[in-house]
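K.L.:
sequence first, then the predicted structure, then my questions.
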Amino acid sequence: MPNQYKQSVLIVDDEPLNIRVLSQALTPWYRVKAATSGAESLTVATSDDRPDLILLDISMPGMDGYEVCAKLKSNPLTEAIPVIFITAKNATEDEAKGLELGAVDYITKPFSLPIVMARIRNQLLLKTKTDMLEQLVSIDSLTGVCNRRSFDEILFQEWRRCGRTGSQLTIIMIDIDHFKNLNDQFGHVAGDQCLKQVASSLKNTMRRSSDSIARYGGEEFACVVPDVSHEEATELANNLRQKIESLKIQNPIRDDPQNTVTISLGVATTSPNRSFTAADILKKADEALYQAKEKGRNRVIATLFQNPEAIN
């Protein structure tokens, strides 16, 4: 199996020998990462390439495994990562404490490698099934893009990440112009088909894997676009508008000689910080969308939001 498709395991232990033994056994089957302290493990676990499973020692200087596990389970970015304690602590109360903190398994040293491998395999199979179910409940069943629940989670994650890295984050709100007219004239089947075509086109136009498109509700879509400038975000929004216009989906509108489906877009770009929240920038994008529709539709209104005092 190509390395990029392998699941990843993070080994956390302050003893290099333990890391080496486990790494040698796991490397043929998984991507292996290692950390020798609790603080380092949290950095790896919250990175853009988060592990699928964590093997965690308890007795470590500074931050012990119990504290690491508690922090992992209290963070929305890492709470779903299964944790297996591998430790020399073999008292019943130690195992109970580890499981109460949210670990899925508890293995005592000295361990049997075949047993460790079997338990890791079982937990990763379970995680794969859980991830598939999570994906199903995160997708809009009609359009095949993310749903509102998934959008909220992605926005939260990217807001925090961009806040840490100092990167800019853009929200693009999109509304299909005169969609009610299309439904009234052609019926809901045609309306659904229009939504599918628009969603597919929007998704295909956003080429970076870090860009996300979601059905926000009804005929409205929303995009989370991290790590781009205000100018780049505005250009992307115009590309999205032009792409939908080029589909030439019929929509008989009295005051529109083209009689085709178009979209209006509101763009808001900012550098996340503690002075305001993700809800504030979402509000700015929504206000920009409203302006686009007020000014005649089929257009982009973009704003660069830098001053928290500008929030109404």
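P.N.:
Sure thing, it's come through.
K.L.:
let me see the domain layout of this structure.
P.N.:
As given by automatic domain parsing, the domain ranges for the chain are 3-138, 148-310.
K.L.:
so of those, which one's packed in deepest?
P.N.:
Across the domains of the chain, averaging neighbours per residue (mean count of other C-beta atoms under 10 Å) puts domain 148-310 on top, at a mean of 18. Where you see a C-beta, it was placed from the backbone N, CA and C, and this is true even at glycine.
K.L.:
and that one, what's its mean pLDDT?
P.N.:
Domain 148-310 carries an average pLDDT of 90.
K.L.:
now find how far off-centre it is within its chain.
P.N.:
Taking C-alpha atoms, centre = their mean, to the nearest Å, one finds domain 148-310 lying 17 Å from the centre of the chain it belongs to.
K.L.:
same deal with stretch 113-133?
P.N.:
Distance of stretch 113-133 from the chain centroid (C-alpha atoms, centre = their mean) equals 22 Å.
K.L.:
what do you get for stretch 129-141?
P.N.:
Put simply, stretch 129-141 sits 13 Å off its chain's centre (C-alpha atoms, centre = their mean).
K.L.:
give me the contact list for it.
P.N.:
80, 145-147, 149-150, 153, 199, 214-215 (C-beta atoms under 8 Å, 6 or more residues apart in numbering).
K.L.:
likewise for stretch 25-42?
P.N.:
3, 6-14, 16, 19, 22-23, 43-44, 51-52, 54, 56, 60-65, 67-68, 71-72, 113, 116-117, 120, 124.
K.L.:
again, but for stretch 65-82
P.N.:
Under C-beta under 8 Å, 6+ apart, the answer for stretch 65-82 is 12, 38, 41-42, 45-46, 50-54, 56-59, 83, 85, 87, 97-98, 101-105, 123-124, 126-127, 130, 134, 153, 156-157, 160.
K.L.:
tell me which of those residues fall in strands.
P.N.:
12, 53-54, 56, 83, 85, 87, 105 (DSSP state E).
K.L.:
okay, those residues in TSV with distance to S210 and pLDDT next?
P.N.:
Shown next, in TSV, are these (distance: C-beta to C-beta, whole Å; pLDDT from 0 to 100):
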residue	distance to S210	pLDDT
V12	27	97
L53	24	97
I54	24	97
L56	29	96
V83	27	97
F85	33	96
T87	37	92
D105	33	96
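K.L.:
could you pull out the helices for the stretch 151-300 of the chain?
P.N.:
179-186, 188-205, 230-247, 278-294 (DSSP state H, counting those that start in this stretch).
K.L.:
out of those helices, nearest to T269?
P.N.:
helix 230-247 (4.3 Å; C-beta to C-beta).
K.L.:
and the closest one with helix 188-205, angle?
P.N.:
Going by axes from the mean of the first three to the mean of the last three C-alpha atoms, to 10 degrees, helix 230-247 is angled at 140 degrees with respect to helix 188-205.
K.L.:
show me the biggest helix of the chain in terms of residues.
P.N.:
For the chain, the longest helix by residue count, based on DSSP state H, is helix 113-138.
K.L.:
average pLDDT across it?
P.N.:
90.
K.L.:
which is the next helix or strand following the helix or strand harbouring A25?
P.N.:
According to DSSP states H and E, A25 maps onto helix 16-26. Using DSSP H and E, the helix or strand that follows helix 16-26 towards the C-terminus is strand 31-35.
K.L.:
returning to what we had before: and the ones in strands among the contacts of stretch 65-82, which two are furthest apart?
P.N.:
Most distant of the ones in strands among the contacts of stretch 65-82, by C-beta to C-beta, are L53 and T87, 16.0 Å apart.
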